[in-house]
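> pasting the sequence and the predicted coordinates here, then a few questions.
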2 protein chains.
Amino acid sequence: MPNQDHMIEEMYNSEGNLTEKQKKILAAATEMFAEKGFAGTSTSEIAKKAGVAEGTIFRHYKTKKELLLFIVTPMMVKLIAPFVIKDLNKVLNHEYEQFEDFIRAMIDNRAKFLEKNRPIIQVFIQEIPFHTELREQFIEHVGTKVMARFVQIIKHYQANGQICAMPASSVIRLVGSTILGYFVTKNVLAAKMAWDDEAEIDRMVRFLMKGLAIDHTTK
Amino acid sequence: MPNQDHMIEEMYNSEGNLTEKQKKILAAATEMFAEKGFAGTSTSEIAKKAGVAEGTIFRHYKTKKELLLFIVTPMMVKLIAPFVIKDLNKVLNHEYEQFEDFIRAMIDNRAKFLEKNRPIIQVFIQEIPFHTELREQFIEHVGTKVMARFVQIIKHYQANGQICAMPASSVIRLVGSTILGYFVTKNVLAAKMAWDDEAEIDRMVRFLMKGLAIDHTTK
DNA sequence: TATAGAAGTGAGTAATCACTCACTAAGGGA
DNA sequence: TCCCTTAGTGAGTGATTACTCACTTCTATA
């Protein structure tokens, strides 16, 4: 797909020069996709909510699906990749000497990312099972590039003697699952229960550090 | 909703006395909902795949949504609740003296459950964001009943001195996230990469045991 | 074997779907 | 001022949607 990169780059630069109505369309579509799903939302509903004619949507996006991709694609490109590259450098420059510091920085960073892009991320997660393009994009941008960076980071701390020997991919999965689980419960069940965020983060970090520490027990 | 329990009970008993065509409808609907989503699947498609007339679907299910609920509801009732109750008793009867044995039994049990009901579970997970009824049912059956059981189990092992002091809900979240992450990567990325299942389980269990062990380090 | 009730059918319905197109409005450079 | 490009419009398109209903077929029991 040679035009995909072009499309992405275009979006990268063009966020500023969008018409007022175009912004309204994107906002309305994001909100409705998050609430009712892509297949459950009609273009007429989006137009009504955005306060534009239905034809206006199709002036800018050839199909309804293209609208979805324009909402969801830049999130992956713009916001995941740069973070990882930047933080990788910090790690390799010994900015996070302790693995714990790196974990805490990552949790904090992702929390802010999630807060800023909650509805878009929601749409992305909800729609990924139904759209091959989304899966492919995700694998391309996150699955390979980001993964490779993380492997380097983990190996760095393993060589350091800070975390135990184990395939890097397993470490990433364990850490990722734990952090993801924290975000999911925090965001989905937040209102339903008492939630001391700082304490939960502390417990989670401690659990991770202990779980990944080098074994001293001879079992 | 007073008729919900009745509906559930009915399904509980009636799985055997379904017509051949009804079974075909359920199978076809499950498969298509999993693949294309509830909103993205039309009743005419289901009828075609099941080899029945479209009217036959609506003879048994008043609406398309009722069909979805008939597919997804019994999974929660029949298969989650009994397991937990049974295993709770095993724990309280000291059948799993070691917390590790309990964890391993649970992983094994859930793996079999997932294998048997993969498409239904997939539909359930994919549709839960869009249907309030599903969320309510899940909270009612899993969120409260199952949660309460787990809290008892965790407290048992904490009193035993096998796992560290921490709110039971946090322990459940950490363990649950880790196991869920294992299942997700295993099932979603299974074909894409090498996967030594036994080794992964061992690593995960070791991670959990270390992570939840009682602290000896004076930090 | 007669019959009632359930299972199954498929043509038909109004509503809604994503999308088109001929059109007007607006803005900026020559 | 003219003109060209882009943005925006909304009525209209055929296809598809979930669902209905009058009808036939099957099946169990009396």
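On my side now, so go ahead. Numbering: from 1, shown residues only, chains lettered A, B, ... in the order given.
> from here on, just use CA atoms for contacts and neighbour counts.
Will do.
> domain map for chain A?
A:6-60, A:72-211 (automatic domain parsing).
> and chain B, which of those domains is closest to it?
domain A:72-211 (3.7 Å; CA to the nearest CA).
> what's the spacing between the closest one and its chain's center?
Averaging C-alpha positions (CA atoms, centre = their mean, to the nearest Å) puts domain A:72-211 8 Å from its chain's average.
> hmm, that domain in reach of chain B?
Yes - counting by CA under 8 Å from any CA of the partner chain, contacts between domain A:72-211 and chain B involve A:126, A:129-130, A:166, A:170, A:173-174, A:176-178, A:180-182, A:185, A:200, A:203-204, A:206-211.
> give the ChimeraX command for selecting the buried subset of these.
The command below creates a ChimeraX selection of those among these that count as buried (16 or more other CA atoms under 10 Å in any protein chain shown):
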select /A:126,129,130,173,174,177,178,180,181,182,200,203,204,206,207,208,209,210,211
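> also near DNA strand C: which of the residues of domain A:72-211 next to chain B, exactly?
When contact is defined as CA under 7 Å from any atom of the strand, the residues of domain A:72-211 next to chain B do not meet DNA strand C at all.
> so which of the residues of domain A:72-211 next to chain B sit within helices?
Using DSSP state H, the members of the residues of domain A:72-211 next to chain B that fall within helices are A:126, A:170, A:173-174, A:176-178, A:180-182, A:185, A:200, A:203-204, A:206-211.
> secondary structure element for residue A:73, which one?
Here residue A:73, judged by DSSP states H and E, is contained in helix A:64-74.
> now tell me what touches that helix from outside.
For helix A:64-74, contacts defined as CA atoms under 8 Å, 6 or more residues apart in numbering or on different chains pick out A:8, A:11-12, A:26, A:29-30, A:38, A:43, A:58, A:61, A:120-121, A:123-124, A:134, A:137.
> out of these, who's nearest DNA strand C?
Nearest to DNA strand C, judged by CA to the nearest atom of the strand, of the contacts of helix A:64-74 is residue A:43 at 3.9 Å.
> surely that closest one is in contact with residue A:54?
Yes - using CA atoms under 8 Å, residue A:43 is in contact with residue A:54, at 6.8 Å.
> so where's chain A shaky on pLDDT?
A:1-16, A:78-85, A:87-88, A:91-93, A:217-219 (pLDDT under 70).
> can you tell me which residues in chain A are near DNA strand D?
A:19-22, A:51-57, A:59-60.
> and the residues you listed as TSV, adding distance to residue A:114 and neighbour count?
Conversion of the residues of chain A next to DNA strand D to TSV gives the following (distance: CA to CA, whole Å; neighbours: other CA atoms under 10 Å in any protein chain shown):
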residue	distance to residue A:114	neighbour count
A:19	26	10
A:20	25	8
A:21	26	15
A:22	23	16
A:51	28	13
A:52	29	16
A:53	32	14
A:54	31	16
A:55	32	12
A:56	30	13
A:57	27	22
A:59	31	9
A:60	27	12
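> near DNA strand C, list only the ones from the residues you listed.
Among the residues of chain A next to DNA strand D, DNA strand C is touched by A:54, A:55, A:59 when using CA under 7 Å from any atom of the strand.
> can you put those in a markdown table and add secondary structure?
Putting those into a markdown table (DSSP: H, G, I helix; E, B strand; the rest coil) gives the following:
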| residue | secondary structure |
| --- | --- |
| A:54 | helix |
| A:55 | helix |
| A:59 | helix |
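> what ranges does chain A have for its helices?
Taking DSSP H as the criterion, chain A contains helices spanning A:3-14, A:20-36, A:43-50, A:54-60, A:64-74, A:81-92, A:99-127, A:132-138, A:147-159, A:168-188, A:197-212.
> follow-up on the earlier one: which among the residues of chain A next to DNA strand D gets closest to DNA strand C?
Among those, residue A:55 lies closest to DNA strand C (CA to the nearest atom of the strand), at 4.0 Å.
> residue A:24 versus that closest one, what's the distance?
14 Å (CA to CA, to the nearest Å).
> residue A:205 too?
In this view, residue A:205 and residue A:24 are 40 Å apart by CA to CA.
> more neighbours: which of those two?
The residue with more neighbours, out of residue A:205 and residue A:24, is residue A:205; 21 against 18, by other CA atoms under 10 Å in any protein chain shown.
> that one is in contact with residue A:102, isn't it?
No - between residue A:205 and residue A:102 there is no contact under CA under 8 Å: 10.6 Å.
> which residues touch stretch A:189-203?
A:186, B:166, B:170.
> can you put these in a markdown table and add distance to residue A:67?
Listed next are the contacts of stretch A:189-203 as a markdown table, based on distance: CA to CA, whole Å:
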| residue | distance to residue A:67 |
| --- | --- |
| A:186 | 29 |
| B:166 | 46 |
| B:170 | 39 |
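> quick check, nearest of those to DNA strand D?
Comparing those against DNA strand D with CA to the nearest atom of the strand places residue A:186 closest, at 33.9 Å.
> so who does that closest one touch?
Residues residue A:195 are the ones in contact with residue A:186 under the rule CA under 8 Å, 6+ apart.
> please name the nearest non-neighbouring residue to residue A:44.
residue A:54 (5.8 Å; CA to CA, 6 or more residues apart in numbering or on different chains).
> residue contacts, the one you found?
Taking CA under 8 Å, 6+ apart, we find residue A:54 in contact with A:43, A:44, A:47, A:48.
> scan those and report the most crowded one.
residue A:47 (19 neighbours).
> which ones are touching that residue?
A:25, A:28, A:53, A:54, A:57 are the contacts of residue A:47 under CA under 8 Å, 6+ apart.
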